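**Q** Sequence plus the predicted model coming up.
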Amino acid sequence: MSRWIFALPVAALVLFGLLGAWRMLYPAKGEFERVLRTAPEHAFELKEGGEISFFPPPGGEPVAVNLFASWCAPCEAEHKYLMQLAETHPNQLTGILYKDKPENGDAFLERLGNPFSQVALDPDGKGGLDFGLTGVPETFVISGEGDILLHVAGPIDETSLQKISEALGAPRL
C-alpha cells in the first residue's frame, strides 16, 4: 500500500504534463492573440497610385483593414459582411490584396462588389507578415493612433461583424 503513495505524485505530474501538451497542440481560437500592439509601419502601394501606411492611419480615425485574395474561398464567403460594414462605416474599410495580381483583384471586386474605400497591394506578402497575418482573410481594426484594437483571424461572421463595427465606432483613445 505504501508504494502506491509514492506513485501518486508521479501520476499527477504526468497527467498535468499531458494536459499542458494537449492545450499547446490544440489551443482555443484566439488564445494566443496579442492585444494592443501597433500597426506595422510598412508602406503599401495603393492600386490607384500612391502609398498608405496604417501607423497611424490616414485621417487619424479608426479603420478596418481586410487582407484578401481573389484565390481565397473564405474571402468570397465573408464578402457580404464586408459590404455591410462598408455601408455602415463608409470610408473606414481598406482592403489589402495579398499575394495576388491586381487584375485578379479587380475581377474579384467587380464580380462581388467593392466595399473598400482604397485597395492596397501586397504582392510579395511582406506587409501581411508585418501585420502578423497567418492566412487570408484576416481583418484588423486600427485606432486613429495606430494601435491594433481588434484582430479577426479567418472570415468575418455575424459576431465578428458586430465587434468590428463597435471598434470602428469607438471614440479615439
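**A** Received it, and whenever you're ready, just let me know what you need.

**Q** Let me know the next secondary structure element after the biggest helix by length in the chain.
**A** Looking across the chain with DSSP state H, the single longest helix is helix 2-25. Proceeding N to C from helix 2-25, the next assigned helix or strand is strand 37-38, under DSSP states H and E.

**Q** Mind giving me the packing neighbours of that following strand?
**A** Under the contact criterion of 3 or more C-beta pairs under 8 Å, 6 or more residues apart in numbering; DSSP states H and E, strand 37-38 touches strand 147-153. (C-beta placed from N, C-alpha, C; glycine too.)

**Q** Quick check: can you name the pairing partners of the strand it packs on and their directions?
**A** Paired strands of strand 147-153, with direction, are strand 37-38 (antiparallel), strand 138-142 (antiparallel) (DSSP bridges).

**Q** tell me how far stretch 105-117 is from the chain's mean position?
**A** 19 Å (C-alpha atoms, centre = their mean, to the nearest Å).

**Q** Stretch 130-148 too?
**A** With C-alpha atoms, centre = their mean as the basis, stretch 130-148 stands 5 Å off its chain's centre.

**Q** Surely Val136 touches Glu76?
**A** No - with contact defined as C-beta atoms under 8 Å, Val136 does not reach Glu76; the gap is 11.0 Å.

**Q** the more surrounded of those two?
**A** Ranked by neighbour count (other C-beta atoms under 10 Å), Val136 and Glu76 place Val136 first, with 23 against 17.

**Q** Give me the phi and psi angles of the more buried one.
**A** phi -80, psi 150 (degrees, to the nearest 10).
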